[in-house]
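Whatever this is, show me its structure:
(one chain, ligands or ions: 2)
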Amino acid sequence: MQTALGPGATRRLLKRLRDMMAAAGSAQQRLDRIVKIIAADLIAEVCSVYVMRAGQVLELFATEGLNQDAVHKTRLRVGEGIVGEIAQSARTLALSDAQSHPNFAYRPETGEDIYHSMLGVPILRAGRTLGVLALQNRTFREYTEEEAETLQTVAMVLAELVAGGELVNPEEMLRIEDVGLGSTERLDGLKLNDGIAIGTVVLHQPRISVRQMVADDPQAELKRLRDAMSGMRVDIDRIFETSGLSEGDERWQILETYRMFAEDRGWLQRISERIETGLTAEAAVQKVQEDNRARLSQTTDPYLRERVDDFDDLANRLLRHLSGDRTAADAADLPDDTVLVARNIGPAELLEYDRRKLKGVVLEEGSPTAHVSIIAHALDIPMVGRVPGLLGRVESGDAIVVDGISGQTILRPRDDVRETFAQAIRQRDALRAGYEAIRKLPAVTRDGTPVSLNMNAGLVIDVDHLADSGADGIGLYRTEIPFMIRSSMPDVVEQTDLYRRILDRADGRPVVFRTLDIGGDKLLPYMEHVAQENPAMGFRAIRLTLDRPAILREQVRGLLRAAGGRRLDLMFPMISEVAEFDAARELVEIEIARERKRGRTLPEPIHIGTMLEVPSLYWQLPQLLKRVDFLSVGSNDLLQFLFACDRGNPELADRYDALSPPVLRFMRAIASECDAAGVALTLCGDIASRPLEAMALIGVGFRRLSMPFPAIGPVKAMVRSLELSPLAKYLDELTKLADHSVRKKLLSFARDHNIPV
Ligand code: PEP
Ligand code: MG
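Ligands and ions are numbered 1, 2, ... in the order given. Here you go, the predicted model:
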């Protein structure tokens, strides 16, 4: 392996392996010959194959170079030694000095002490680790990426032999694969969309097993690839046609972005290159998919990381075209209580399922900002993600509970567990019915103080929840969301159309449009971005749009046109100083003058305000309040800057409490300054959605809150049971304390006063 193997050499090696696998003799005899061929071809002194046995143990099954006596004797647990680490992480390891690796586990019976360098790759099939293939050399060798690539390709081919059932009997294989099947299991994950569902598992991806790995005729395979590609494109066009979506709908935009990926030339190119090395089209797609995953899942760029899902979606679709397999979505007999289980699912794939039968989704991967999560949110389907090892633990037809509130998934729940969740669903339904009963009643405290409850939105379809939630209006419309799910920057005409549809649907209720909060971790696929060390505190939001005023001006132009003849509420994100507000406002004035000059009908009235998310702005309130029509506290960012505590870091999630003396004092001070200046004040961060926090905010002077729509009912129920004056007095006491948190005290107050929180 002194020189990297070219495609021709790899092709020859794969062909020999395939012939060897099809040759006569027992599987063990074939494996013994195969390790010899690999060692010779890749110029390694050692080539060993470890195979996974029941109990998560890796057993040395064949070796060229190590002592033959060690075969079937040397065993390592998953996670033990370098081989165990490769199996556990399912990643390739290339070590020039393996013996000094902290995980090196010396096994004297192998005689491996003379070999210093090691290159090991997992033997994977359908996402499961079946074993490890390792090379060793005496010298301190630096293995190249090409060498690792070749070995991975060889491992793919070997996986067929290992999975064939001759080396380890099929029953034991099943036990390895289906760890813990049969009993109730509770798995922790990440909440991706609220709600609880009890249902029947439908595996989204009937596992597509690539049966044929090596091909004789690359030209024929390339043609198959091209045919499958065009079939896939036709398929995507069909989704567009049958989706019933119109061009302005966000779900259409998501599909459009997805179609853009399907046209990605680099992707096609890489698959073709793998075919040139002798793989079948299916095996090449799978290999490139695995490479993509390995590469992209390690990047810290959230945008790129999420694109893994889109590529997975496409790769699976392509494989289905190549293999003729169908997806679960096509099945006519989908259960009425379908809970989809998948490693990941693309947005287009989710939209293919019958919404009436789809009750929940559980993913082994997934992320809150991925396209598919946005779709689940819009369809109101409970969803949990990041459940490691999920697919190895379920079978189609299993009973399952998805708890999108706590982020848990319960497989094959016992009757009592199932009943507990059924009860929780009934309770939620009853609560919803209770909220429904107060939907049209005002949010007024028992002592007569009205509180305006508004909803946050980001998609046009969110606006429909204005009516069913009983919200007074939209207190925060995050305009960046439609930008994030498109494949190109919307122009003024498109933006005008979008904002007009939002206002039309809001039907006279106020909508506060926040100008673009992009940059940081909210990246647009079509805009260049550079990595920033502290993205939340970096080049984002108003900083970005003031530096690129054309973006802001076009957005404002769209808003002015959409709201012509009616009310417009506009605010800026991340304003840190009055001068920034003035500069942003000036751009708005320029646009107003421009529209006026052209004789267009302007909105009337126009309210211009700002978010308060950066603490420095608080000390400029006297000057700021003279200039703004309203102020909206963005507690998500404000709290992260107050405590210097990253809002996205789960390890710090419970470190500081919003219900603490410093925060409450700060909020009270903001509220009283706005009150004195007669400027409307809202709080639109996540804390407004929790009844206890909302209660405290009202207690320190807030009279307008904005939150995700499902929270309106619970917060309104709290408001209607609240007696404000004793709470305000109690808070006066609490804010003087030096406590880390006053949550428990506020909770007791709520209980003592029969306030549902
Ligand atoms: C906030 O920071 O509280 C806020 C509402 O803005 P976003 O969550 O979009 O940053
Ligand atoms: Mg913010």
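
how about the nearest residue to Lys522, chain neighbours excluded?
Of all residues not flanking Lys522 in the chain, Glu480 sits nearest, at 5.5 Å (CB to CB, 6 or more residues apart in numbering). (C-beta placed from N, C-alpha, C; glycine too.)

correct me, but the one you found touches Asp517?
Yes - using CB atoms under 8 Å, Glu480 makes contact with Asp517 at a distance of 5.2 Å.

any idea of the pLDDT on the residue lying closest to Arg647 once chain neighbours are set aside?
Nearest-residue entry for Arg647: Gln640, 4.1 Å, with adjacent residues in sequence omitted and distances by CB to CB, 6+ apart. Here the pLDDT value assigned to Gln640 is 93.

Now do the buried residues in the host helix or strand of Gln640.
Using DSSP states H and E, Gln640 sits within helix 635-642. Across helix 635-642, burial judged by 16 or more other CB atoms under 10 Å covers Ser635, Asp637, Leu638, Leu639, Gln640, Phe641, Leu642.

What is the nearest of the residues you listed to Tyr499?
Tyr499 has its nearest neighbour among the buried residues of helix 635-642 in Asp637, at 23.9 Å by CB to CB.

can you tell me which residues contact the closest one?
The neighbours of Asp637, taking CB atoms under 8 Å, 6 or more residues apart in numbering as the test, are Ala536, Met574, Met611, Glu613, Val614, Arg647, Gly685.

Would you mind naming what in the chain lies close to ligand 1?
Contact residues (CB under 6 Å from any ligand atom) of the chain with ligand 1: Leu476, Arg478, Asp517, Glu613, Gly634, Ser635, Asn636, Asp637, Cys684, Gly685.

Please state the backbone phi and psi of the third one?
Comment: the main-chain dihedrals of Asp517 come out as phi -110, psi 70, following degrees, to the nearest 10.

That one: neighbouring residues, count only.
Using other CB atoms under 10 Å, Asp517 has 24 neighbouring residues.

Name the nearest residue to it, ignoring sequence neighbours.
Nearest to Asp517 is Pro573, by CB to CB, 6+ apart, at 4.0 Å.

is it true that that neighbour touches Ile542?
Yes - if you go by CB under 8 Å, Pro573 and Ile542 touch, sitting 5.8 Å apart.

neighbour-wise, which of those two wins?
Taking neighbours as other CB under 10 Å, Pro573 and Ile542 compare with Pro573 leading, 27 against 24.

Identify the residues contacting that one.
Counting by CB under 8 Å, 6+ apart, Pro573 touches Arg514, Thr515, Leu516, Asp517, Ala541, Ile542, Met611, Glu613, Gly634.

Got the phi and psi for it?
Backbone torsions for Pro573, taken as degrees, to the nearest 10, come to phi -90, psi 150.

again, but for Cys684
Geometry field for Cys684 lists phi and psi as phi -120, psi 20, criterion degrees, to the nearest 10.

hang on, it packs against Gly634?
Yes - using CB under 8 Å, Cys684 is in contact with Gly634, at 6.2 Å.

And the pLDDT for Arg548?
The model reports Arg548 with a pLDDT of 94.

Could you count how many residues lie near it?
As a burial measure, Arg548 scores 12 neighbours (other CB under 10 Å).

Same question for the one 5 residues further on.
For Arg553, the tally of surrounding residues (other CB under 10 Å) stands at 17.

can you check Ala39 too?
Neighbours of Ala39 under the rule other CB under 10 Å: 20.

In this structure it contacts Val46, no?
Yes - if you go by CB under 8 Å, Ala39 and Val46 touch, sitting 6.8 Å apart.

quick one: common contacting residues for the two?
Listed as contacting both Ala39 and Val46 by CB under 8 Å, 6+ apart are Glu64, Gly65, Leu135.

Out of these, the closest to Asp732 would be?
Closest to Asp732 out of the shared contacts of Ala39 and Val46 is Leu135 (72.0 Å), distances taken as CB to CB.

How about the contacts made by that closest one?
Met1, Ile38, Ala39, Leu42, Ala44, Val46, Cys47, Met118, Leu119, Gly120, Tyr143, Leu151.

Now, these that are in helices?
The helices, defined by DSSP state H, take in Ile38, Ala39, Leu151 from those.

how near is the residue nearest to the second one when sequence neighbours are not counted to Ala62?
Beyond its immediate neighbours in the sequence, the residue positioned closest to Ala39 (CB to CB, 6+ apart) is Cys47, lying 3.8 Å away. Here the distance between Cys47 and Ala62 works out to 8 Å (CB to CB, to the nearest Å).

which neighbours do those two share?
Val35.

So for those two, which sits in the more crowded spot?
Shown here are Cys47 and Ala62; by other CB under 10 Å, Cys47 has more neighbours (26 against 23).

The more buried one and Asp41 touch, don't they?
No - assessed by CB under 8 Å, Cys47 is found out of contact with Asp41, at 9.3 Å.

and after the helix or strand of the chain with the lowest mean pLDDT, which helix or strand comes next?
Within the chain, confidence by mean pLDDT, DSSP states H and E is lowest for helix 170-177 among all helices and strands, at a mean of 63. As assigned by DSSP H and E, the chain's next helix or strand after helix 170-177 is strand 185-188.

Only C-alpha atoms, please: export that following strand in CSV.
The C-alpha coordinates for strand 185-188 follow below in CSV (Å, rounded to 0.1, in the frame of the first residue of the first chain):
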residue,chain,number,x,y,z
GLU,A,185,-37.8,-0.1,26.7
ARG,A,186,-37.6,3.6,27.5
LEU,A,187,-35.3,5.6,25.3
ASP,A,188,-34.3,9.2,25.8
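
Parallel or antiparallel, which strands does that strand pair with?
Here strand 185-188 has these sheet partners by DSSP bridges: strand 408-411 (antiparallel).
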